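Enquirer: predicted model and sequence below, questions to follow.
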Number of protein chains: 2
Amino acid sequence: MADYSEKKVGKQTVRLEKQPRIIATTSIVGPKEGRGNFRSYYDIILKDDTNGEDSFEKAESSMMYDAIADTIKKANLSESDIDYLCAGDLLNQISSSNFAARDVSIPFIGLYGACSTMSESLSIASLIMDGGFAKYAIAATSSHFSSAERQFRFPLEFGSQRVLTSQWTVTGSGAVLLALDGDFPKVTHVTIGKVKDYGIKDANNMGAAMAPAAVDTMYMHFKDTGRDPSYYDLIATGDLGKVGRDITQKLLKEYGYDLSKNYMDCGEQMYDANESNVCAGASGCGCSAVTFCGYIYKKMMKRELNRILLISTGALMSTTTSQQGESIPGIAHAVAVEF
Amino acid sequence: MADYSEKKVGKQTVRLEKQPRIIATTSIVGPKEGRGNFRSYYDIILKDDTNGEDSFEKAESSMMYDAIADTIKKANLSESDIDYLCAGDLLNQISSSNFAARDVSIPFIGLYGACSTMSESLSIASLIMDGGFAKYAIAATSSHFSSAERQFRFPLEFGSQRVLTSQWTVTGSGAVLLALDGDFPKVTHVTIGKVKDYGIKDANNMGAAMAPAAVDTMYMHFKDTGRDPSYYDLIATGDLGKVGRDITQKLLKEYGYDLSKNYMDCGEQMYDANESNVCAGASGCGCSAVTFCGYIYKKMMKRELNRILLISTGALMSTTTSQQGESIPGIAHAVAVEF
């Protein structure tokens, strides 16, 4: 039996022994994302972002349910085969996840990591699999532009003008199914991040608020594993957008890690260049979720990518803490997926 | 190395191999809880529920920080020794936990399970310890009457009248420190619950909303382990209150499990009988947290209790879903702690 020191690598990273396999994923997006750069990789592109529901919150929850159900189907499994569902989202009390979990009969671990949730849920599901507690586990998350906008910012009817550093919350959900064997991409390393806060208070500049957390987690991952960024075919942060991606790349350069060749930010790349109003790029839990479950996973399955590092990034603000004058803490978790 | 089937017991329960030890706990409560039935077991009873902060939200977060910091100190460790902090709370975007985590330099796993968070965080921390990923991990949670009341119900200034089935959110925080060895209570089994919803829509009757989840998780735990309730010296649900405790006991009786001898609900027992306004009892993440970290843990350390089962219970409602006509889903996770 492996003891503590065998799985720990360096200070903050763990190396998985069983290396859970990602045997299926599903990505569902709204119409705007469906016109974006990764459009040919999504499983489902909705024509109507209500997904047939009568509120945006119910729409978001139903998208997560669909992503989970479709992923189980793809693997020819049923709900009762799945040992754990690890999921979270942006809405107060993670209601999208709770209500999606209500409709599936799977033991449920509710998470909150803001837009870092895809790598958080994938991390927790992977640790549980690797620890010998499960045969199958699902990691999932979602976000919806319209439910997030009215919760965190302004009523949609207000039609507020957007500043250039702002980001557009992705309408989308992604689900990942882990199993113990098979010739599929494996989760090999997990680096759980610390909360970092450099004092940014501008809720319209979340890229800058999250960048220090992304930098810290990536720095720890590279240092712990002894890997250089060039080890990976692709390094993808979640939703730093143009502003946060630029800061992250510069700061890591100062630490001696060059991201210039194989690094993208899912938020920066998501939308078509002609798409209106997206400003610094995409954000939301769904951003890295649908990019990972769509573009990245499908590229891996075609062996066009063999080693990737996913670092979903979360801005841990709430309207209450912002109104009370607090700055915006950030967090980022890194998951290495390899053939 | 243990494979999947060795740690799984029955359908929904896992048996831990390393059996992480609870080497220290801290319980901090407000003045009302400090007058309650478990008053002699709390570590810190605040004279002022603001804890020196200028908002109730900041007060709650500072209580969680204090609980974490004190627990680390009790074990003669420092922050850098702790591999993971698993925490969550009731506030939107779990802001109490995020801001407490910002002030400690520990990799952070944010959770949301409403009032089930003590057994959720303890479960996740235990699985991570048992999986060989950590030497030390902390599980923590908090709630605060005044931050919860104004978020979920009414402005405090409104002075709303309380109905008899309503419960009083505990002002308190609990933190648990897990290690790999020592003569301390051990976490032996974890049963992660499913979301259950029997259609209750009354936000003032959360005991009834959560009872089905408590019943389902306990039933699965007893069935999976082959244990009868009499195996435990104490079975404690989180915050079902008088109404939910009664429903739970009756329903489990129908399933053939008799809880009449060794079962209590932390919420029902928390406050002194003469305390005003508490109606059906206490609730909140802090309820089972401070009862576990105070009364239960200290009784275990004196060997007055040797085998306990903690089932914290959560009502997964949000104001948005309630306003949209949704019912209140519930969840409960069970953790067995034994000498």
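Expert: Okay, I see it.
Enquirer: what's the helix or strand for A:Thr313?
Expert: A:Thr313 belongs to strand A:307-315 when assigned by DSSP states H and E.
Enquirer: rounded mean pLDDT for that strand, please.
Expert: On average, the pLDDT along strand A:307-315 is 98.
Enquirer: what about the helix or strand following that strand and chain B, any contact?
Expert: Sequence-wise, the next helix or strand downstream of strand A:307-315 (DSSP H and E) is helix A:319-323. Yes: contact of helix A:319-323 with chain B (C-beta under 8 Å from any C-beta of the partner chain) involves A:319-321. C-beta: built from backbone N, CA, C; applies to glycine.
Enquirer: out of these, which is most surrounded?
Expert: Using other C-beta atoms under 10 Å in any protein chain shown as the neighbour criterion, A:Thr321 leads the residues of helix A:319-323 next to chain B with 24 neighbours.
Enquirer: so who does the residue lying closest to that residue once chain neighbours are set aside touch?
Expert: In this structure, A:Thr321 finds its nearest non-sequential neighbour in B:Ser95, 5.0 Å apart by C-beta to C-beta, 6 or more residues apart in numbering or on different chains. Applying C-beta atoms under 8 Å, 6 or more residues apart in numbering or on different chains to B:Ser95 gives the contacts A:316, A:318, A:320-321, B:57, B:61, B:89.
Enquirer: and the gap between B:Ser95 and B:Phe56?
Expert: 11 Å (C-beta to C-beta, to the nearest Å).
Enquirer: so which residues of the stretch 201-339 of chain A form strands?
Expert: A:234-237, A:263-265, A:282-283, A:307-315, A:330-338 (DSSP state E, counting those that start in this stretch).
Enquirer: what's the first one in contact with?
Expert: To tie it back to what came earlier, the one meant is strand A:234-237. A:214, A:218, A:229, A:244-245, A:248, A:259, A:262-267, A:288, A:291-292, A:296, A:299, A:305, A:307-313, A:332.
Enquirer: picking that back up, which of the strands of the stretch 201-339 of chain A sits closest to B:Thr171?
Expert: Among the strands of the stretch 201-339 of chain A, strand A:330-338 comes nearest to B:Thr171, with 26.5 Å by C-beta to C-beta.
Enquirer: same question for the closest one, mean pLDDT?
Expert: 98.
Enquirer: packing partners for that strand?
Expert: helix A:117-130, strand A:186-191, helix A:206-225, strand A:307-315 (3 or more C-beta pairs under 8 Å, 6 or more residues apart in numbering or on different chains; DSSP states H and E).
Enquirer: off-centre distance for that strand?
Expert: 9 Å (C-alpha atoms, centre = their mean, to the nearest Å).
Enquirer: next, count neighbours for A:Ser80.
Expert: Neighbours around A:Ser80, by other C-beta under 10 Å: 11.
Enquirer: chain neighbours aside, what residue packs nearest to it?
Expert: A:Ser105 (6.8 Å).
Enquirer: that neighbour reaches A:Glu79, doesn't it?
Expert: Yes: between A:Ser105 and A:Glu79 there is a contact under C-beta atoms under 8 Å: 5.2 Å.
Enquirer: burial measure for A:Asp48, as a count.
Expert: 10.
Enquirer: now it: how far from A:Cys285?
Expert: The gap separating A:Asp48 from A:Cys285 is 21 Å, by C-beta to C-beta.
Enquirer: what of A:Tyr271?
Expert: Separation of A:Tyr271 from A:Cys285 (C-beta to C-beta): 17 Å.
Enquirer: of these two, which one has the most company?
Expert: Between A:Tyr271 and A:Cys285, counted using other C-beta under 10 Å, A:Cys285 has the larger neighbour count: 41 against 22.
Enquirer: what's that one in contact with, if anything?
Expert: Applying C-beta under 8 Å, 6+ apart, one finds that A:Cys285 lies in contact with A:88-90, A:114-115, A:117-118, A:141-143, A:170, A:312.
Enquirer: out of those residues, which are close to chain B?
Expert: Filtering those for proximity to chain B (criterion: C-beta under 8 Å from any C-beta) leaves A:88, A:90, A:114.
Enquirer: now these in TSV, with neighbour count, pLDDT and secondary structure?
Expert: Output for these, formatted as TSV (neighbours: other C-beta atoms under 10 Å in any protein chain shown; pLDDT from 0 to 100; DSSP: H, G, I helix; E, B strand; the rest coil):
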residue	neighbour count	pLDDT	secondary structure
A:Gly88	32	98	strand
A:Leu90	30	97	coil
A:Ala114	32	97	helix
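Enquirer: going by distance to B:Ile192, which of those wins?
Expert: Set against B:Ile192, the nearest of the ones next to chain B among the contacts of A:Cys285 by C-beta to C-beta is A:Gly88 (14.9 Å).
Enquirer: what's the closest non-adjacent residue to that closest one?
Expert: Nearest non-adjacent residue to A:Gly88, counting by C-beta to C-beta, 6+ apart: A:Leu111, 3.6 Å away.
Enquirer: from what I can see that neighbour touches A:Leu85, true?
Expert: No: using C-beta under 8 Å, A:Leu111 is not in contact with A:Leu85, being 10.3 Å away.
Enquirer: isn't A:Asp233 up against A:Leu309?
Expert: No: using C-beta under 8 Å, A:Asp233 is not in contact with A:Leu309, being 9.4 Å away.
Enquirer: how about the residues of the stretch 151-300 of chain A by chain B?
Expert: Contacts of the stretch 151-300 of chain A with chain B, taken as C-beta under 8 Å from any C-beta, map to A:151, A:180, A:192-197.
Enquirer: let's see that with 10 Å instead.
Expert: Within the stretch 151-300 of chain A, the positions near chain B by C-beta under 10 Å from any C-beta of the partner chain are A:151-152, A:180, A:190-197, A:217, A:220.
Enquirer: which residues touch the residue in the stretch 1-150 of chain A that chain B sits nearest to?
Expert: Per C-beta to the nearest C-beta, A:Gly131 is where the stretch 1-150 of chain A lies closest to chain B, at 2.5 Å. Residues in contact with A:Gly131 (C-beta atoms under 10 Å, 6 or more residues apart in numbering or on different chains) are A:2, A:7, A:16-18, B:2, B:4, B:7, B:14, B:16-18, B:126-133.
Enquirer: those residues in strands, which ones?
Expert: Secondary structure assignment by DSSP state E places B:Val14 of those in strands.
Enquirer: how long is stretch A:48-59 end to end?
Expert: 10 Å (C-alpha to C-alpha, to the nearest Å).
Enquirer: now do stretch A:248-262
Expert: End-to-end distance of stretch A:248-262 (C-alpha to C-alpha): 14 Å.
Enquirer: now that stretch: how far from the chain's centre is it?
Expert: Remark: stretch A:248-262 is offset 21 Å from the chain centroid, using C-alpha atoms, centre = their mean.
Enquirer: any residues touching it, and which ones?
Expert: Residues contacting stretch A:248-262 (C-beta under 10 Å, 6+ apart): A:207-208, A:210-216, A:218-219, A:221-223, A:227-237, A:240, A:245, A:263, A:265, A:305, A:307-309, A:311, A:313, A:332.
Enquirer: tell me the mean pLDDT over that stretch?
Expert: The average pLDDT for stretch A:248-262 rounds to 97.
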